[in-house]
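1. A predicted structure for the sequence below; I have some questions about it.
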Amino acid sequence: DAGVTQSPTHLIKTRGQHVTLRCSPISGHKSVSWYQQVLGQGPQFIFQYYEKEERGRGNFPDRFSARQFPNYSSELNVNALLLGDSALYLCASAPGFTDTQYFGPGTRLTVL
Amino acid sequence: EDKVVQSPLSLVVHEGDTVTLNCSYEVTNFRSLLWYKQEKKAPTFLFMLTSSGIEKKSGRLSSILDKKELFSILNITATQTGDSAVYLCAVAYSGAGSYQLTFGKGTKLSVIP
């Protein structure tokens, strides 16, 4: 079975631009969560979506937004990029709201 | 503030050694504790622990949770070079309709031949 997939793999942007990251969950999984991981740190929770509704939001500014589509795939959008947004963005899916989360390979975002 | 603290932050051992990784936590509305292994990018799931004192095992890896003392340990016996990775501890908690994981900084394990 295919695991969680994310696109693109790498991305380079400049300050002030916006970016859209995409995630396809494991087939049958209805929950998608997004995490930001900066070098040397553990992943930090950004959003959780379950059944297309936002169910949780971490301590991130409003420049970060996300949505989940009817097929349970998800997008993370970041506006007005800052240098500090450079990180690995991880998507995780789970069958249900409180089930074990399985991670994708991530998107490496570099902001110059 | 909810937090998860892992120790040590890094560890170098020789093949065949046994290692113990530690994770302590302070969160409200605790649901479970999870261990992940991160080699390049994607953290891969190892264990999910919800009950105190019940050891979970998978091959050479095992883990146990103490909900009274608020910590967990991950043991790896007979280490191999393929065990070299960052091991992440995460605590799942819920509140106000949300469910999220809070991660520690990870323990970087290096196994040398």
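-> Received, thanks.
2. next helix or strand past the helix or strand where A:Gly56 lies?
-> Assignment of secondary structure by DSSP states H and E places A:Gly56 within strand A:53-57. From strand A:53-57 onward toward the C-terminus, using DSSP H and E, the following helix or strand is strand A:64-68.
3. and the gap between A:Glu75 and A:Leu21?
-> 7 Å (CB to CB, to the nearest Å). Heads up, the C-betas are built off the backbone N, CA and C, glycines and all.
4. Could you pull up the residues touching the residue lying closest to B:Trp35 once chain neighbours are set aside?
-> Using CB to CB, 6 or more residues apart in numbering or on different chains and skipping residues adjacent in sequence, the residue nearest B:Trp35 is B:Leu46, 4.3 Å away. B:Leu46 makes contacts with B:34-37, B:58, B:61, B:63, B:74, B:87, as judged by CB atoms under 8 Å, 6 or more residues apart in numbering or on different chains.
5. Repeat that for A:Ile12.
-> By CB under 8 Å, 6+ apart, the contact list for A:Ile12 reads A:110-112.
6. Pull out the buried residues from the one helix or strand it maps to.
-> Taking DSSP H and E as the definition, A:Ile12 sits inside strand A:10-13. Going by neighbour count (16 or more other CB atoms under 10 Å in any protein chain shown), the buried part of strand A:10-13 is A:Lys13.
7. strands paired with it, and their directions?
-> Strand A:10-13 pairs in its sheet with strand A:107-111 (parallel), by DSSP bridges.
8. Now do the buried residues in the partner strand.
-> The neighbour-count check on strand A:107-111 (16+ other CB under 10 Å) flags A:107-109, A:111 as buried.
9. from the residues you listed, which is closest to chain B?
-> Chain B lies nearest to A:Arg108 out of these, by CB to the nearest CB, at 7.9 Å.
10. sorry, back to before: tell me which strands and helices the strand holding A:Gly56 is in contact with?
-> strand A:44-50, strand B:98-103 (3 or more CB pairs under 8 Å, 6 or more residues apart in numbering or on different chains; DSSP states H and E).
11. Give the rounded mean pLDDT of it.
-> If you average the pLDDT over strand A:53-57, you get 92.
12. okay, and the helix or strand of the chain with the least pLDDT?
-> Reading this off chain A. Within chain A, no helix or strand scores below strand A:53-57, which has a mean of 92 by mean pLDDT, DSSP states H and E.
13. Hmm, no, I was thinking of chain B.
-> Ranked by mean pLDDT, DSSP H and E, the weakest helix or strand in chain B is strand B:98-103, scoring a mean of 90.
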